[in-house]
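Novice: okay, structure incoming, though there's no sequence with it:
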């Protein structure tokens with residue numbers, strides 16, 4: 001009886017606290033938030049809400065622009081990374097059956113992976129702490145990004161087999177990596193003795209009655225009711241569909257109704273594997289130094305206005321998605337759009353704000369403290385983390401400091417002692433270093449960003465860098481040439497990128513950093529590419 005109460009009572013209390021609106025009232029709220037998509041010449045969004053056990057589903061915009069098919073709540077859309085929780089659940093079922101341990105060395109199940117000197121565990125690939133470089137970043141460096149080549153599991157496995165380095169020591173950092181979840185799908189197939197897509201259908205989707213849910217394991221398959229994805233190209237919508245066989249990291253075809261069914265199963269514990277599987281999926285991780293992270297197994301577990309939020313977003317080609325629940329208030333929201341310009345996370349939170357009576361503008365963790373304009377001016381500039389070669393730019397606007405780029409341009413609240421906060425950037429600190437400053441703990445990652453000293457581009461000897469460079473890990477060759485006084489990277493068949501000097505031997509090109517290496521005599525001997533989720537990909541100078 002006590003065990004039953006532990007499972008049922010929290011859910012019962014949550015239902016009582018929700019004070020559900022009538023279905024028509026929820027529909028009015030949704031129509032107001034998504035009114036911009038209510039048109040016949042653009043893609044749109046499908047939304048599902050479960051508040052206190054009452055479901056409301058709505059849709060706006062078009063499923064297919066060529067044939068004039070409207071989007072409906074029953075339209076099938078692709079999940080993006082919302083799919084990761086299902087891959088984690090499949091692994092979790094094998095754990096509960098004693099066939100896999102979260103602390104297993106991944107090479108126990110996929111022995112052809114390289115030995116990087118320190119074990120990568122199953123838990124690490126499901127929490128993005130493995131250090132494995134992201135498959136899409138690597139394939140983009142190689143010249144075969146998603147949308148330009150059809151990838152499969154064999155291609156991803158071969159890519160990982162040839163890696164000689166990791167982004168970081170396993171378990172020491174959190175860095176999102178799709179590679180781990182592709183490998184998790186391979187692991188499930190091998191241990192279960194059947195294709196990953198079949199295992200999840202048999203063990204999760206069918207038992208839960210998720211009749212519209214399947215994996216995009218073959219993008220060519222006819223899927224009745226599937227909405228076409230679109231992106232904006234100048235002044236027109238163009239198709240932007242995922243053409244890949246790889247799934248598990250993404251690639252779930254589903255409806256907002258099926259997503260509400262899944263969320264309800266997690267909230268109530270009525271899921272294959274029961275409450276034990278739910279606890280496993282929602283237990284957040286820790287790094288090897290003991291630092292906590294808010295990522296569990298395929299799910300982010302965090303606080304929103306003081307409420308526990310369990311969520312995940314997704315983005316694949318022109319699909320944008322967000323699935324979240326707030327168990328304390330018995331609210332579940334699924335926002336699935338077939339437009340690359342949709343901001344599903346923002347809109348899902350707008351739904352939660354309206355339905356739960358929350359403020360749309362979260363308050364700082366402590367009261368704001370005045371700061372002199374001269375002090376703010378001294379903080380403006382570009383800062384660089386030398387480990388990842390990530391950059392952040394601070395500017396002063398209208399008497400406040402803002403983070404430039406990435407949609408984070410809201411003014412930052414000063415909390416005192418050069419500590420700042422915003423809902424998008426989180427809390428971070430400028431620490432004094434000599435006459436300058438460094439940024440610490442930006443976006444909840446304990447990294448140190450040093451101010452970047454402007455470089456005199458006239459003193460850069462760009463001819464020093466010209467030559468051919470080859471990556472043994474990716475088996476690709478770059479040509480670095482001087483063209484009309486500019487340093488340019490050329491890659492077959494026709495890729496051309498201009499390199500802009502940033503610091504000594506460091507250049508920027510389309511969001512990537514190229515850092516040249518020199519030998520003992522000072523001669524340029526190679527280069528290293530830092531591409532966000534793929535760090536320090538090395539190329540040797542071959543001529």
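Specialist: Structure received. The structure displayed is predicted, hence computed values, not measured ones. Numbers count the residues shown, from 1 in each chain.
Novice: which ones are touching residue 373?
Specialist: Contact analysis of residue 373 by Cβ atoms under 8 Å, 6 or more residues apart in numbering lists 396, 399. C-beta here means a position set from N, CA and C on the backbone, and glycine is covered the same way.
Novice: please apply the same query to residue 29.
Specialist: 21, 351, 354-355.
Novice: how about the residue most central in space within the chain, nearest residue that isn't a chain neighbour?
Specialist: Central residue of the chain (Cα atoms, centre = their mean): residue 176, 6.1 Å from the mean position. Among residues not flanking residue 176 along the chain, residue 128 sits closest, at 5.0 Å (Cβ to Cβ, 6 or more residues apart in numbering).
Novice: residues contacting that neighbour?
Specialist: Contacts of residue 128 by Cβ under 8 Å, 6+ apart are 174-177, 180, 295.
Novice: residue 114: which of those residues is nearest?
Specialist: Distance to residue 114 across those (Cβ to Cβ) is lowest for residue 180, with 14.4 Å.
Novice: give the contact list for residue 256.
Specialist: 46-48, 57, 73, 334-336.
Novice: quick check: residue 423 vs residue 364, distance?
Specialist: According to Cβ to Cβ, to the nearest Å, residue 423 and residue 364 sit 9 Å apart.
Novice: cool, and residue 180?
Specialist: Distance from residue 180 to residue 364, by Cβ to Cβ: 34 Å.
Novice: the more surrounded of the two?
Specialist: residue 180 (27 against 16; other Cβ atoms under 10 Å).
Novice: so where's this protein shaky on pLDDT?
Specialist: 1-20, 405-409, 435, 441-446 (pLDDT under 70).
Novice: returning to what we had before: mind putting the contacts of residue 29 into CSV with neighbour count and secondary structure?
Specialist: CSV is the format used below for these (neighbours: other Cβ atoms under 10 Å; DSSP: H, G, I helix; E, B strand; the rest coil):
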residue, neighbour count, secondary structure
21, 18, coil
351, 23, helix
354, 17, helix
355, 24, helix
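Novice: tell me the one of those residues nearest residue 330?
Specialist: residue 355 (10.5 Å).
Novice: still on that earlier bit, hmm, the residue nearest to the centre of the chain is touching residue 134, no?
Specialist: Yes - between residue 176 and residue 134 there is a contact under Cβ atoms under 8 Å: 7.2 Å.
Novice: so what sits against both of these two?
Specialist: With Cβ under 8 Å, 6+ apart, residue 176 and residue 134 have common neighbours residue 533.
Novice: for this structure, what spans make up the helices?
Specialist: 2-18, 23-33, 84-96, 122-127, 135-142, 153-161, 178-192, 196-200, 206-208, 256-268, 274-282, 344-356, 373-379 (DSSP state H).
Novice: dump those into TSV; add distance to residue 469 as well.
Specialist: Below are the helices of the chain laid out as TSV (distance: least, Cβ to Cβ, whole Å):
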stretch	distance to residue 469
helix 2-18	57
helix 23-33	49
helix 84-96	34
helix 122-127	30
helix 135-142	12
helix 153-161	19
helix 178-192	24
helix 196-200	37
helix 206-208	51
helix 256-268	45
helix 274-282	43
helix 344-356	38
helix 373-379	37
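Novice: tell me how many other residues crowd residue 253.
Specialist: 24.
Novice: before we move on, what about residue 497?
Specialist: Using other Cβ under 10 Å, residue 497 has 18 neighbouring residues.
Novice: Serialize the contacts of residue 128 to CSV and add fields for distance to residue 307.
Specialist: Shown next, in CSV, are those (distance: Cβ to Cβ, whole Å):
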residue, distance to residue 307
174, 23
175, 27
176, 24
177, 29
180, 29
295, 18
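Novice: shared neighbours, residue 423 and residue 364?
Specialist: By Cβ under 8 Å, 6+ apart, no residue touches both residue 423 and residue 364.
Novice: and which of the contacts of residue 29 is nearest residue 481?
Specialist: For the contacts of residue 29, the nearest to residue 481 is residue 351 (51.7 Å; Cβ to Cβ).
Novice: so what's the closest one up against?
Specialist: 29-30, 33, 47, 49, 333, 335.
Novice: nearest spatial neighbour of residue 340, skipping sequence neighbours?
Specialist: Using Cβ to Cβ, 6+ apart, the closest residue to residue 340 is residue 231 (3.9 Å).
Novice: neighbours of that neighbour, just the number please.
Specialist: 16.
Novice: nothing else from me, thank you.
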